[in-house]
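Enquirer: Predicted model follows, preceded by the sequence.
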Amino acid sequence: MELENEKNKDALKMAWSSLQTRVRKNKLGGGKASLKKQEEKGKLSARKRIETLVDDPNSILEIGALAAENMYQEYGGCPSAGVVVVVGKISGKRCVIVANDPTVKAGAWFPMTAKKNLRAQEIAMENRIPIIYLVDSAGIFLPLQDQIFADKEDFGRIFRNNARLSSMGIIQIAAIMGSCVAGGAYLPIMSDESIIVEKTGSIFLAGSYLVKAAIGENIDNETLGGAETHSGISGVTDYKVENDTAALAKIRSLIDKIGSQPKAGFQRSEVQMPKLELENIYGCLPRTRTQPYDTYTLLDHIVDADSMDEYKKEYGQTLITTYAKIEGWSVGIVANQRKVVKSKSGEMQFGGVIYGDAADKATRFIANCNQRNIPLVFLQDVTGFMVGSKAEHGGIIKDGAKMVNAVANSVVPKFTIVLGNSFGAGNYAMCGRAFDPRFMVAWPTAKIAVMGGSQASDVLWQIEKASLIKANQEINQQKEDDLKNNILKRYEEKTEILYAASQLWVDAIIDPVETRKWISIGIEIANEAPSNEKFNMGILQV
């Protein structure tokens with residue numbers, strides 16, 4: 001057993017190391033040469049700006065470090081979607097920080113750049129925390145304008161959110177630290193306050209070349225929209241500073257003066273370490289994703305020691321529902337049990353599958369947590385709901401619908417950690433992205449898909465086979481094996497967690513030992529947003 005744990009640890013650590021290699025490369029943005037040019041202009045890099053701004057660079061949560069990974073290759077790629085988004089403390093207050101990376105295509109906006117910015121604004125809205133924009137962008141990446149400009153969740157939505165954030169009383173501060181052109185000029189000016197850096201910062205609807213072409217006026221960019229112009233003539237900006245460092249210091253000073261607001265009132269007590277060493281959590285998950293394991297062992301690495309009060313332990317055992325503490329915060333945990341268990345009727349139930357009794361239990365537990373103002377944590381390793389005649393006759397669809405309804409209507413903050421599989425309707429019932437978790441992160445072992453690779457490839461092969469037969473093509477065993485393997489490979493590539501991270505289906509892929517940290521900081525952030533909403537599941541078939 002000890003040897004098996006060591007092999008599991010090694011496999012997970014290798015997967016994490018491989019992902020970290022990609023993250024380190026992305027942190028170089030457009031590369032070392034581009035970073036050097038930035039420095040020669042007297043400007044800090046996007047990440048250096050963030051490090052200078054926050055109280056402690058080691059305590060930030062980065063969102064979407066792998067966004068746009070392996071995308072836009074025909075244009076040279078777009079590391080981290082060309083924008084760095086973090087949640088960190090500034091002058092003691094948690095803030096969202098959005099920093100354009102001008103070393104990546106001059107900070108131009110790709111479709112995934114817009115999606116990542118919208119996610120940053122969503123975090124600020126949901127948690128009612130300030131959002132800081134460090135602006136340095138050439139505007140929309142024109143070759144892809146049709147994918148970013150006109151739709152509901154495209155570029156324009158960012159300005160709509162600027163207006164909504166302001167109306168909600170959520171503080172927005174923008175620092176213009178480089179180019180800010182065309183439609184992008186509205187973002188800092190729709191913020192509550194704006195800072196502009198002398199010589200390097202500029203803001204205008206149209207640059208000097210376009211002005212010349214449009215109306216024949218000869219003017220340089222600095223006179224058109226530099227710091228002197230907007231601080232002393234137009235009054236567009238509120239503060240003029242001499243360099244990046246001064247701009248960041250001004251932001252810290254402004255944040256430092258913000259008054260306190262009422263909290264959501266989530267319960268926190270003294271922090272206790274888990275029962276089992278956190279470092280040993282790497283050995284909890286088997287290398288083979290179909291192998292069973294005991295989720296209770298994993299929980300003993302995550303929750304504060306002796307803090308669990310399990311709800312309906314003997315009933316619906318393929319889901320664990322328990323009150324607990326994580327770094328002192330009270331939480332309600334819904335976790336898939338991955339070992340085979342025996343039901344109340346003596347039937348053996350598969351681990352990782354949600355049965356009707358488990359869904360019913362989870363529905364009631366979620367309602368309890370809402371009644372008691374306890375945040376919910378979902379630990380996903382789910383292959384879906386139980387299928388077959390017995391399950392259907394027992395009303396699995398109705399039981400599953402009740403659980404999905406409870407998750408959808410939950411008003412306490414939800415946090416989702418994808419440990420392993422996240423398949424089919426199980427993704428929804430266990431609070432997937434569509435159900436608004438405040439943060440959704442994943443371990444390197446995670447997979448997200450409508451179903452497992454082997455099942456999906458069998459279905460896709462039957463469709464492919466029917467097409468070949470219809471076309472009177474001969475199918476021998478070798479051809480069948482080759483086609484099935486090719487289908488499986490293509491499908492599996494899009495179930496890997498790297499693909500999910502590139503699409504921003506998850507906020508981050510995390511080191512398993514940081515699970516407690518992400519949940520704890522997440523609740524701390526959510527505690528900034530008191531809510532008067534009441535839990536109501538509406539009309540539901542009981």
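Expert: Noted; the coordinates are in hand.
Enquirer: pLDDT score for residue 454?
Expert: Residue 454 is assigned 69 on the pLDDT scale.
Enquirer: try the one 4 residues further on
Expert: Residue 458 is assigned 71 on the pLDDT scale.
Enquirer: Now name the helix or strand holding it.
Expert: helix 453-470 (DSSP states H and E).
Enquirer: Could you list the residues in contact with that helix?
Expert: Contact with helix 453-470 is made by 449, 450, 451, 475, 480, 483, 484, 487, 488, 491, 492, 495, as judged by C-beta atoms under 8 Å, 6 or more residues apart in numbering. In short, each C-beta sits where N, CA and C put it, glycine included.
Enquirer: lowest confidence element among the helices and strands of the chain?
Expert: helix 453-470 (a mean of 73; mean pLDDT, DSSP states H and E).
Enquirer: Enumerate the positions of the next helix or strand after that helix that are buried.
Expert: Tracing the chain past helix 453-470, the next element assigned as helix or strand by DSSP H and E is helix 477-493. Under the neighbour-count criterion of 16 or more other C-beta atoms under 10 Å, helix 477-493 has 483, 484, 487, 488, 491, 492 buried.
Enquirer: Likewise for stretch 193-209?
Expert: 193-198, 200-204, 206-208.
Enquirer: How far off centre is it?
Expert: With C-alpha atoms, centre = their mean, to the nearest Å as the basis, stretch 193-209 stands 31 Å off its chain's centre.
Enquirer: quick one, helices of the stretch 301-450 of the chain?
Expert: For the stretch 301-450 of the chain, helices defined by DSSP state H, counting those that start in this stretch occupy the ranges 356-371, 389-393, 396-409, 424-429.
Enquirer: Low-confidence regions, the stretch 151-300 of the chain specifically.
Expert: Within the stretch 151-300 of the chain, the set of residues satisfying pLDDT under 70 comprises 183.
Enquirer: what stretches of the stretch 401-542 of the chain score poorly on pLDDT?
Expert: Scanning the stretch 401-542 of the chain for pLDDT under 70 picks out 453-454, 456-457, 540-542.
Enquirer: Could I get the helices of the stretch 301-450 of the chain in TSV, plus columns for mean neighbour count and distance to residue 236?
Expert: Formatted as TSV, the helices of the stretch 301-450 of the chain follow (neighbours: other C-beta atoms under 10 Å; distance: least, C-beta to C-beta, whole Å):
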stretch	mean neighbour count	distance to residue 236
helix 356-371	22	45
helix 389-393	11	62
helix 396-409	20	43
helix 424-429	22	45
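Enquirer: wait, which of those helices is closest to residue 23?
Expert: Closest of the helices of the stretch 301-450 of the chain to residue 23 is helix 424-429, at 24.5 Å (criterion: C-beta to C-beta).
Enquirer: what's that closest one packed up against?
Expert: Packed against helix 424-429, as judged by 3 or more C-beta pairs under 8 Å, 6 or more residues apart in numbering; DSSP states H and E, are the following elements: strand 376-382, strand 384-385, helix 396-409.
Enquirer: how far is the longest one from where the chain is centred?
Expert: In terms of C-alpha atoms, centre = their mean, the gap separating the centre of helix 396-409 from the centre of its chain is 24 Å.
Enquirer: Can I get it in CSV? Just the C-alpha atoms.
Expert: In CSV, the C-alpha atoms belonging to helix 396-409 read as follows (Å, rounded to 0.1, in the frame of the first residue of the first chain):
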residue,chain,number,x,y,z
ILE,A,396,-33.3,9.1,-10.8
ILE,A,397,-34.2,12.0,-13.2
LYS,A,398,-36.5,13.5,-10.6
ASP,A,399,-33.9,13.1,-7.8
GLY,A,400,-31.2,14.5,-9.9
ALA,A,401,-33.4,17.4,-11.0
LYS,A,402,-34.0,18.2,-7.3
MET,A,403,-30.3,18.3,-6.6
VAL,A,404,-29.5,20.5,-9.6
ASN,A,405,-32.4,22.8,-8.6
ALA,A,406,-30.9,23.2,-5.1
VAL,A,407,-27.4,24.0,-6.5
ALA,A,408,-28.8,26.5,-8.9
ASN,A,409,-30.9,28.3,-6.3
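Enquirer: Report the beta-bridge partner residues of residue 140.
Expert: On the basis of DSSP bridges, residue 140 is bridged to residue 109.
Enquirer: State the pLDDT value of it.
Expert: pLDDT, residue 140: 90.
Enquirer: Do I have it right that it meets residue 111?
Expert: No - here residue 140 lies out of contact with residue 111, judged by C-beta atoms under 8 Å, at a distance of 9.8 Å.
Enquirer: Could you pull up the residues touching the closest residue to residue 277 other than its chain neighbours?
Expert: Leaving out its chain neighbours, the residue that sits closest to residue 277 by C-beta to C-beta, 6 or more residues apart in numbering is residue 301, at 7.3 Å. Listed by C-beta under 8 Å, 6+ apart, the contact set of residue 301 reads 274, 275, 276, 277, 278, 280, 281, 284.
Enquirer: Next one: the second one relative to residue 305, how far apart?
Expert: Applying C-beta to C-beta, to the nearest Å, one obtains 4 Å for the distance of residue 275 from residue 305.
Enquirer: Do a quick rundown of the strands in the stretch 51-200 of the chain.
Expert: Along the stretch 51-200 of the chain, counting by DSSP state E, counting those that start in this stretch, strands occupy 61-63, 83-90, 93-100, 131-137, 172-180, 193-197.
Enquirer: Heading C-terminal from the helix of greatest length in the chain, find the next helix or strand.
Expert: The single longest helix within the chain, with elements called by DSSP state H, is helix 2-26. For helix 2-26, the following helix or strand on the C-terminal side (DSSP H and E) is helix 32-40.
Enquirer: Could you list the buried residues of that following helix?
Expert: Applying 16+ other C-beta under 10 Å to helix 32-40 flags 34, 35, 38 as buried.
Enquirer: and it with strand 172-180, angle?
Expert: Calculated by axes from the mean of the first three to the mean of the last three C-alpha atoms, to 10 degrees, helix 32-40 forms an angle of 110 degrees with strand 172-180.
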